[in-house]
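K.L.:
let me see the structure of the following:
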Amino acid sequence: MEEKKYDVGTQVTMKKQHPCGGNLWEIVRLGADIKIKCLNCGHMVMIPRIDFNKKLKKIVSVKEEYHE
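P.N.:
Model prediction:
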């Protein structure tokens, strides 16, 4: 199974759409649980990492870090 690459600030789409009609989410916190924020209505949800990986459909954009 391939390793999914995401970090705080990464925008993702999930398999199921949010009830507000939006399907674009931003990762706000990483750990054993992952906190994501709906970019349409601002609602935040915490999901266990295992469930997040199962429900993840696509990584839309990865936040680029600044390196000197």
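K.L.:
low-confidence regions, the protein specifically.
P.N.:
In the predicted model, the chain carries pLDDT under 70 at residues 1-3, 64-68.
K.L.:
what separates the nearest residue to Leu24 once chain neighbours are set aside from Ile50, distance-wise?
P.N.:
Spatial nearest neighbour of Leu24, chain neighbours left out: Leu39 (4.6 Å); criterion: Cβ to Cβ, 6 or more residues apart in numbering. Yep, even glycine has a C-beta here, placed from its N, CA and C like the rest. Per Cβ to Cβ, to the nearest Å, Leu39 is found 24 Å from Ile50.
K.L.:
what about the residue nearest to Leu24, neighbour count?
P.N.:
15 (other Cβ atoms under 10 Å).
K.L.:
ok, now the one 3 residues further on?
P.N.:
Under the neighbour criterion other Cβ under 10 Å, Gly42 is assigned a count of 9.
K.L.:
SS state for it?
P.N.:
Using DSSP: H, G, I helix; E, B strand; the rest coil, the secondary structure recorded for Gly42 is coil.
K.L.:
which phi and psi does it have?
P.N.:
The phi and psi torsions at Gly42 (degrees, to the nearest 10) take the values phi 90, psi 0.
K.L.:
how close does it get to Lys57?
P.N.:
Gly42 sits 21 Å away from Lys57, taking Cβ to Cβ as the criterion.
K.L.:
what about Val60, how many residues nearby?
P.N.:
Around Val60 sit 14 other residues, with neighbours defined as other Cβ under 10 Å.
K.L.:
wait, His43
P.N.:
By the measure other Cβ under 10 Å, the count of residues near His43 is 14.
K.L.:
check Cys38 too.
P.N.:
The criterion is other Cβ under 10 Å. On that basis, Cys38 has 20 neighbouring residues.
K.L.:
for it, give me its contacts.
P.N.:
The contact partners of Cys38, by Cβ atoms under 8 Å, 6 or more residues apart in numbering, come to His18, Cys20, Gly22, Leu24, Trp25, Met44, Val45.
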